[in-house]
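Enquirer: Return atomic coordinates for the entry below.
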Amino acid sequence: MTLGIGATIAVDWAYQSNWKGIKDKTDWIGNKIDNGIDTAKDKLVEGVKKKREIQEYATNKVSNIVNNTVKSVKKEVAKEAEHVVGQAIEKAKDSINPMRWQW
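Expert: From the prediction side, this is the model:
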C-alpha cells in the first residue's frame, strides 16, 4: 500500500512539475482524445440527421405515389360507374319501351 501511495505521489509530482515534459505530452494526448470523441459525436449526429432526411424523403415519395394512385383509381372508378349507370339507364328505357316506339 505504501508503494502505491508513493507511486501516486511521484506521478503527481512529475505531472505538476512537468518533469521531462510529461504534463505537456499528457495534455496533448488528452486533447487528441477529446477531439476524436467530438469528431465521432459530430459524425454520429450528422448521420442521424441524414437518416431522418432520407426517411422523410422516402415517406414523402411514398405518400405522393399513394395519393396519385388513389386519384387515378378514383377517376377510373368514376368512369366505370358512369358507364355502368349509362348502361342501366339504357336497359331501363328498353324495359319501359321494348319496341323502341317513339312517343
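Enquirer: what helix or strand does residue 27 sit in?
Expert: In this assignment (DSSP states H and E), residue 27 forms part of helix 22-96.
Enquirer: Tell me which other helices or strands that helix touches.
Expert: Helix 22-96 sits against helix 2-16, with contacts defined as 3 or more Cβ pairs under 8 Å, 6 or more residues apart in numbering; DSSP states H and E. For glycine as for every other residue, the C-beta is placed from the backbone atoms N, C-alpha and C.
Enquirer: Between helix 22-96 and the helix it packs on, find me the angle.
Expert: Counting by axes from the mean of the first three to the mean of the last three Cα atoms, to 10 degrees, helix 2-16 lies at 80 degrees to helix 22-96.
Enquirer: Pull out the buried residues from helix 2-16.
Expert: Using 16 or more other Cβ atoms under 10 Å as the burial criterion, none of the residues of helix 2-16 qualify.
Enquirer: which regions of the chain lie under the pLDDT threshold?
Expert: Scanning the chain for pLDDT under 70 picks out 94, 97-103.
Enquirer: measure residue 92 to residue 15 for me?
Expert: If you measure residue 92 against residue 15 using Cβ to Cβ, to the nearest Å, the figure is 102 Å.
Enquirer: any idea how far residue 91 lies from residue 85?
Expert: According to Cβ to Cβ, residue 91 and residue 85 sit 11 Å apart.
Enquirer: With residue 29 instead?
Expert: The value you get for residue 29 to residue 85, if Cβ to Cβ is used, is 83 Å.
Enquirer: next one: residue 49
Expert: Separation of residue 49 from residue 85 (Cβ to Cβ) stands at 53 Å.
Enquirer: Name the residues that touch stretch 14-32?
Expert: Outside stretch 14-32, the residues that touch it by Cβ atoms under 8 Å, 6 or more residues apart in numbering are residue 13.
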